[in-house]
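> Fold the following for me, if possible:
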Amino acid sequence: MRDYEKALDLNPGHVRAWINKGITLRELGEYNEAVENFETALFFGKLENNILAEKGRTYHLWGEWNAAIADYNRVLKNLSTRAYATDRQNMRLRLQTENWLNELLLPMHPEWKIDE
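Residues are numbered from 1 along each chain as shown. Coordinates of the predicted model:
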C-alpha cells in the first residue's frame, strides 16, 4: 500500500496507481476506501471503463448490488460502440464485465444444478 501512496504523492494524476490501490483496498475488505479511490481516478478522465468495472466489482462484493449493476451497465453501454468493438483490450474488459454482471444476476445455487 505504501508503494501506491508514494507513487501518488509523486504523481497524483497516476490513474493506474489509483486503480491498483483501489483493487488492493477491495481485496482487504476496505470497500468504502476502495470506492473513494476509484472515484478519484475517474476525476482524471482516463481509463473510465476500467475504473467503472472495478468500482462495480467493489460494490458487487460489498453487497451494494444496485450500484454494481449501474456501473456494470455503464461500462457495457460505453463498450457497445463500434469504436470499441474491434479493440482486443476493450473486448476483454467487456467479457469480464459481462461475467461479473452474470455472476450477480444469475447466482449459482446447488438446487439449480443441471443434471448431466
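
> any weak-confidence spans in the protein?
82-86, 108-116 (pLDDT under 70).

> Mind naming the longest helix for it?
Identified as the longest helix of the chain according to DSSP state H is helix 88-105.

> in which helix or strand would I find the nearest residue to Leu105 once chain neighbours are set aside?
Leaving aside its chain neighbours, Leu105 sits nearest to Ile69 (7.7 Å; criterion: CB to CB, 6 or more residues apart in numbering). No exception for glycine: its C-beta is placed from N, CA and C like everyone else's. Element membership for Ile69 (DSSP states H and E) is helix 65-78.

> Which of the residues in that helix are classified as buried?
Of the residues in helix 65-78, 67-69, 71-72, 74-76, 78 count as buried by neighbour count, 16 or more other CB atoms under 10 Å.

> chain center to that helix, what's the gap?
9 Å (CA atoms, centre = their mean, to the nearest Å).

> Helix 65-78 and the longest helix of the chain, what's the angle between them?
Angle of helix 88-105 versus helix 65-78, following axes from the mean of the first three to the mean of the last three CA atoms, to 10 degrees, is 150 degrees.

> So what touches helix 88-105?
By CB atoms under 8 Å, 6 or more residues apart in numbering, the residues outside helix 88-105 that reach it are 49-50, 53, 56-57, 60, 65, 68-69, 72-73, 75-76, 79, 84-85.

> can you dump the C-alpha coordinates of that helix into PDB?
Extracted C-alpha coordinates of helix 88-105, given in PDB (Å, rounded to 0.1, in the frame of the first residue of the first chain):
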ATOM      1  CA  ARG A  88      -8.900  -6.500 -28.100                       C
ATOM      2  CA  GLN A  89      -8.400  -4.900 -24.600                       C
ATOM      3  CA  ASN A  90     -11.900  -3.500 -24.600                       C
ATOM      4  CA  MET A  91     -13.300  -6.800 -25.700                       C
ATOM      5  CA  ARG A  92     -11.600  -8.500 -22.700                       C
ATOM      6  CA  LEU A  93     -13.000  -5.800 -20.400                       C
ATOM      7  CA  ARG A  94     -16.500  -6.300 -21.900                       C
ATOM      8  CA  LEU A  95     -16.300 -10.000 -21.300                       C
ATOM      9  CA  GLN A  96     -15.100  -9.600 -17.800                       C
ATOM     10  CA  THR A  97     -17.800  -7.100 -17.000                       C
ATOM     11  CA  GLU A  98     -20.400  -9.400 -18.600                       C
ATOM     12  CA  ASN A  99     -19.200 -12.300 -16.400                       C
ATOM     13  CA  TRP A 100     -19.300 -10.200 -13.200                       C
ATOM     14  CA  LEU A 101     -22.800  -9.000 -14.100                       C
ATOM     15  CA  ASN A 102     -24.000 -12.500 -14.800                       C
ATOM     16  CA  GLU A 103     -22.400 -13.700 -11.600                       C
ATOM     17  CA  LEU A 104     -24.500 -11.100  -9.800                       C
ATOM     18  CA  LEU A 105     -27.800 -11.600 -11.600                       C
END
